[in-house]
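> From the sequence below, what's the structure:
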Amino acid sequence: MKHIEPQDHQGSGHNHSDCIDSALATAETLCVQQGQRLTKVRRRALELIWESHRPLGAYQLLAKLAEEGFNSAPPTVYRALDFLLAAGLIHKVESMNAYLGCAHADKAHKGYFLICDDCHNVMEFNYQDIHAALIAKAAQQGFELRAETIELTGLCAKCKTKVAGASA
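Coordinates of the predicted model:
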């Protein structure tokens with residue numbers, strides 16, 4: 001059983017700068033290994049996604065890139081996002097139509113998400129048993145699984161504590 005702990009960027013002791021630097025270093029390494037180029041706009045798009053540590057929509061990203069003088073045409077941003085998705089450097093949070101940096105880009109995995117209804121923080125988790133069970137169940141039905149999206153909504157630990165404190 002392969003299990004990767006959920007990402008929690010709101011906890012104490014999180015060094016945001018180290019986190020971004022690590023993501024960019026991983027991206028550089030993966031691009032070299034895959035024979036791809038991490039162009040200036042792809043790199044900056046990835047950096048902006050990581051800076052927020054929250055899902056970022058394409059048009060939010062477009063506005064930030066335009067402020068910095070990058071080509072502000074939507075195809076430019078969508079091409080960068082498509083590249084980052086294909087390289088496994090980001091995930092798309094379908095229910096939010098937004099993008100989140102992947103902290104496990106150097107490991108093959110399926111990203112599943114815990115989405116807080118209150119603060120909208122998103123934590124990625126990977127649980128191979130879920131993936132294996134979905135493939136097995138689909139195969140029993142003669143179905144070839146090509147994509148899977150699992151996004152669970154609720155309250156994160158921080159918001160749950162806040163709600164409990166307010167009602168006490």
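> check contacts around the spatially most central residue of the chain.
Centroid-nearest residue in the chain: residue 100, 2.8 Å away (criterion: Cα atoms, centre = their mean). When contacts are counted by Cβ atoms under 8 Å, 6 or more residues apart in numbering, residue 100 touches 49, 54, 55, 56, 90, 91, 92, 93, 113, 122, 124. Every residue, glycine included, has its C-beta placed from N, CA and C.
> Go through the residues you listed and say which is closest to residue 20.
The closest of these to residue 20 turns out to be residue 49 (Cβ to Cβ; 9.6 Å).
> right, and the closest one touches residue 99 too?
Yes. Using Cβ atoms under 8 Å, residue 49 is in contact with residue 99, at 5.5 Å.
> what is in contact with these two at once?
56, 61, 84, 90.
> which of those tops the neighbour count?
residue 90 (26 neighbours; other Cβ atoms under 10 Å).
> And it, how close does it get to residue 103?
Residue 90 is 11 Å from residue 103, where distance means Cβ to Cβ, to the nearest Å.
> returning to what we had before: using CSV, please lay out the shared contacts of residue 49 and residue 99 together with secondary structure, distance to residue 141 and pLDDT.
Shown next, in CSV, are those (DSSP: H, G, I helix; E, B strand; the rest coil; distance: Cβ to Cβ, whole Å; pLDDT from 0 to 100):
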residue, secondary structure, distance to residue 141, pLDDT
56, strand, 36, 94
61, helix, 38, 94
84, helix, 33, 96
90, strand, 31, 94
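> show me the contacts for residue 87.
The neighbourhood of residue 87, defined by Cβ under 8 Å, 6+ apart, consists of 27, 30, 31, 34, 36, 105.
> Phi, psi for it please.
phi -80, psi -10 (degrees, to the nearest 10).
> Could I get the pLDDT score of it?
Per-residue confidence at residue 87 stands at 91 (pLDDT).
> what's the following helix or strand after the strand or helix carrying residue 32?
Following DSSP states H and E, one finds residue 32 within helix 16-34. The element immediately downstream of helix 16-34 (helix or strand, assigned by DSSP H and E) is helix 40-52.
> If we go by neighbour counts, what in that next one is buried?
41, 42, 43, 44, 45, 46, 47, 48, 49, 50, 52 (16 or more other Cβ atoms under 10 Å).
> Name the nearest residue to the second one, ignoring sequence neighbours.
When you say that, I think you mean residue 42. Spatial nearest neighbour of residue 42, excluding adjacent residues (Cβ to Cβ, 6 or more residues apart in numbering): residue 80 at 4.8 Å.
> if we look at the host helix or strand of the one you found, which residues are touching it?
Residue 80 belongs to helix 74-86 when assigned by DSSP H and E. Defining contact as Cβ under 8 Å, 6+ apart, one finds that helix 74-86 is touched by 36, 39, 41-42, 45-46, 49, 58-59, 61-62, 65, 70, 90-92, 99.
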